[in-house]
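Visitor: Turn this into a structure:
(chains A and B)
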Amino acid sequence: MSKTTDDALPLPPPGSGRRRVDPFLGIALAASAIIMAFILLPLVEMVVQPSLEDLRETWSDPDVIRAIGMSLYTSGTAALIAFVFGTPFAYLMARKHFPGKRLVESVVDLPIMIPHPVVGIALLSMAGRHHWFGRILDQLNIQIMGTVTGIVCVLTFVGLPFYINAVKTGFEAVPARLETVSRSLGASPWSTFFRITLPLAWRSMLVGLIMCMARAVSEFGAVVIVAYHPMVAPVMIYERFTAYGLKYSQPVAVGLIMVCLVLFLLLRWASPRKGGIA
Amino acid sequence: MIRVEDLAIVLPGFALEDINLQVRAGEAFALLGPTGAGKTLLLEAIIGVVPIAAGRILIDGRDVTRQPPERRRIGIVYQDHALFPHLTVEENIVYGQRYCRASLPSVTPLVERLGLTRLMKRRIRSLSGGEKQRVALARALAVAPSVLLLDEPLSALDPNFREDIRGVLKALHQDTGITLLMVTHDFAEAHFLAQRTAIMNHGRIEQIGALETVFAHPETPFVAGFVGMKNLFSAEIDGDGAQIGGLRLRCRNPGGVFHSIAIRPENVGISLQPQDAPTVNHLTGRLRHILNRGFYADIAVDVDGVSFHAIDSRRDICRSAVAEGETVYLTIAPEDIHLIRDAHEGTLRC
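Guide: Below is the predicted model:
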């Protein structure tokens, strides 16, 4: 067999074939490592600090279980409200163009920017008996101050932008032409939404629900103004920290982290691996 | 039958104005125009998803202007197929059947005819471009629409599939007699499928007529350019003479007021030697450039400051190794000079 031209080429010196790390990739990896450490270190520290005895004692405390349950219940209800009212709103924002749309989008984002105690104060000032809205609520026997209703209100307020923005992006990813074709084939707008848009955008809706609920579970500033009691987990953590110190607040925090982690992993697991828009 | 009367659509930054169009029952009609002319917008107005500012739309004599899309009985096939990605081929095809009040024929013959029988259980993402377009056609036809709108049905396909779908469309139209309104920017494509055409530009219809008529007798400078008359000049036309700058050409004036002339590049004869006998419209010019296109060459020649385009179909000029700036001779028959009423707004000088 004749010798090929490649065979005749001089061999590279040993070790020169080692892959060089791309500087850009290196910087990106270093930044990623710093961010992961920044997020995980305090959380891991908090989780490993309490003894098993402390954790067992705290998690068998009915007040702790009630507070975590209240957090999940109120944030879940807030997410449900965001789903019911936010879905048509997000669809409208994704599909329609109208004067002032940017302004409406900015208004939707306002709850992200406003300091959350301000949200609580604003809601309370509206719900008082000196305000016309408060008087209507009073006549309907709806109480905001110190009630589950009040907590759900503020959690919906802070969680809505996360749901609406995620779902709007999902609807925008569904080509409007699919809906046009569906309508041309005889389907009504309702039928088109449920047979075409929803099956293609439901993953975004699930992500929106997770984001909304996650934001609501972690809310403290607005809740503590509207309703110190019934106590949600963040308020309980704060109360135990101020009254008894770090040692007593940590096990409650660990409990809340664990419950949230399991919940969100379950939701992520339930969302489809594939699908979406072809 | 599709009838569009005085249609106007006003969108931010774009408008369709004064659209009047009639597609006869059983006819294949091509809506031609460059990208951004408003062709797809007009289709979507006929479908009913674009709000119209004025005018009427009639389908088979029914005024559907105020009807929602689901009640218009218009099928549409898009360039990108717009198939429902979460459904199978079969689910896509029968999608609209549940909404039809009248009993529909089985889709089986249609499916067999389009060669989709073995694909019925497949997911959309596993299909080729040609297969997707067949499914889109089957889905639109499965609900027995009054008319079928095709939005650039062949543009997104590679040449093999294009040939295939073109044949399918032609055969379907011939066999079913369905009214077709097809949007395209390709004159050859329109020629294969349609009998009549409307040329659109900047939201207006520039000319409507039989394809051959529009091709041979464009009425506006834009249409002339669109159908390939690259030599387009503003001219002062006086009897049988057309004055372009300092150049005078003999033409055939059928009578009327004209402000432009248009000549196809293939009707501009080019040679390296002057004619022996005196010839009408025999021009002496300088070769500006040659663009070799493989089977033919595009040649630009300057004659007294006027730039002419010719096609060297046998590539004689290419082979003769003539250099840019050398003298060449053009001959244009008076009957090949097309007269246009409107003034051409483009440049005259090279």
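Visitor: how long is stretch A:173-189 end to end?
Guide: Taking CA to CA, to the nearest Å, stretch A:173-189 runs 18 Å from one end to the other.
Visitor: for it, the distance to its chain's centre please.
Guide: 30 Å (CA atoms, centre = their mean, to the nearest Å).
Visitor: Report the rounded mean pLDDT for it.
Guide: When pLDDT is averaged over stretch A:173-189, the result is 96.
Visitor: All the helices of chain B, residue numbers only.
Guide: With DSSP state H as the criterion, chain B has helices at B:39-47, B:89-93, B:108-113, B:129-141, B:159-176, B:187-193, B:211-216, B:221-226, B:316-319.
Visitor: got the contact list for residue B:225?
Guide: By CB atoms under 8 Å, 6 or more residues apart in numbering or on different chains, residue B:225 lies in contact with B:232, B:262. C-beta: built from backbone N, CA, C; applies to glycine.
Visitor: Can you tell me how far it is from chain A?
Guide: From residue B:225 across to chain A, the span is 30 Å (CB to the nearest CB, to the nearest Å).
Visitor: just to revisit the earlier point, could you dump the helices of chain B into CSV and include mean pLDDT?
Guide: Listed next are the helices of chain B as CSV, based on pLDDT from 0 to 100:
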stretch, mean pLDDT
helix B:39-47, 94
helix B:89-93, 96
helix B:108-113, 90
helix B:129-141, 92
helix B:159-176, 85
helix B:187-193, 86
helix B:211-216, 91
helix B:221-226, 92
helix B:316-319, 72
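Visitor: Let's have the ones you listed in a markdown table, adding distance to residue A:53.
Guide: Output for these, formatted as a markdown table (distance: least, CB to CB, whole Å):
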| stretch | distance to residue A:53 |
| --- | --- |
| helix B:39-47 | 69 |
| helix B:89-93 | 58 |
| helix B:108-113 | 70 |
| helix B:129-141 | 64 |
| helix B:159-176 | 71 |
| helix B:187-193 | 80 |
| helix B:211-216 | 89 |
| helix B:221-226 | 85 |
| helix B:316-319 | 94 |
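Visitor: what does the stretch 151-278 of chain A put close to chain B?
Guide: Taking CB under 8 Å from any CB of the partner chain, the part of the stretch 151-278 of chain A that reaches chain B is made up of A:175, A:177-178, A:180-189, A:191, A:195-196, A:199-200, A:275-278.
Visitor: what about chain A, any weak spots by pLDDT?
Guide: Within chain A, the stretches with pLDDT under 70 are A:1-19, A:270-278.
Visitor: picking up where we left off before, which ones among the residues of the stretch 151-278 of chain A next to chain B lie within helices?
Guide: A:177, A:178, A:180, A:181, A:182, A:183, A:184, A:189, A:191, A:199, A:200.
Visitor: do you know how far residue B:137 is from chain A?
Guide: 12 Å.
Visitor: Could I get the full set of strands for the stretch 201-350 of chain B?
Guide: B:204-210, B:231-234, B:236-238, B:241-244, B:247-250, B:260-263, B:268-271, B:282-292, B:297-303, B:306-312, B:327-332, B:338-340 (DSSP state E, counting those that start in this stretch).
Visitor: okay, these in CSV with mean pLDDT next?
Guide: As requested, these are exported to CSV (pLDDT from 0 to 100):
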stretch, mean pLDDT
strand B:204-210, 95
strand B:231-234, 92
strand B:236-238, 88
strand B:241-244, 90
strand B:247-250, 91
strand B:260-263, 93
strand B:268-271, 90
strand B:282-292, 90
strand B:297-303, 91
strand B:306-312, 91
strand B:327-332, 92
strand B:338-340, 92
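Visitor: from the ones you listed, which stretch is densest packed?
Guide: Mean neighbour count, computed with mean count of other CB atoms under 10 Å in any protein chain shown, is highest for strand B:260-263 among the strands of the stretch 201-350 of chain B, reaching a mean of 24.
Visitor: Give me the sheet partners of it and which way each runs.
Guide: strand B:231-234 (antiparallel), strand B:338-340 (antiparallel) (DSSP bridges).
Visitor: one step back: quick one: closest of the helices of chain B to residue B:68.
Guide: Judged by CB to CB, the one of the helices of chain B that comes nearest to residue B:68 is helix B:39-47, at 10.3 Å.
Visitor: Setting aside sequence neighbours, what's the nearest residue to residue A:181?
Guide: If the residues on either side of it in the chain are set aside, residue A:181 comes closest to residue B:82, at 4.8 Å by CB to CB, 6 or more residues apart in numbering or on different chains.
Visitor: tell me the contacts of that neighbour?
Guide: Going by CB under 8 Å, 6+ apart, residue B:82 touches A:175, A:177, A:178, A:180, A:181, B:136.
Visitor: repeat that for 7 Å
Guide: A:175, A:177, A:178, A:181, B:136 (CB atoms under 7 Å, 6 or more residues apart in numbering or on different chains).
Visitor: Neighbours of the fourth one, how many?
Guide: Each residue near residue A:181 was counted by other CB atoms under 10 Å in any protein chain shown, and the total is 30.
Visitor: Then the third one?
Guide: Applying the criterion other CB under 10 Å, we find 20 residues in the vicinity of residue A:178.
Visitor: what sits against it?
Guide: Here residue A:178 is in contact with A:196, B:82, B:84 (CB under 7 Å, 6+ apart).
Visitor: between the residues you listed, which is closest to residue B:264?
Guide: residue B:82 (37.4 Å).
Visitor: domains in chain B, as residue ranges please.
Guide: B:2-216, B:221-340 (automatic domain parsing).
Visitor: Give me whichever of these is most buried.
Guide: The most buried one of the domains of chain B (mean count of other CB under 10 Å) is domain B:2-216, showing a mean of 18.
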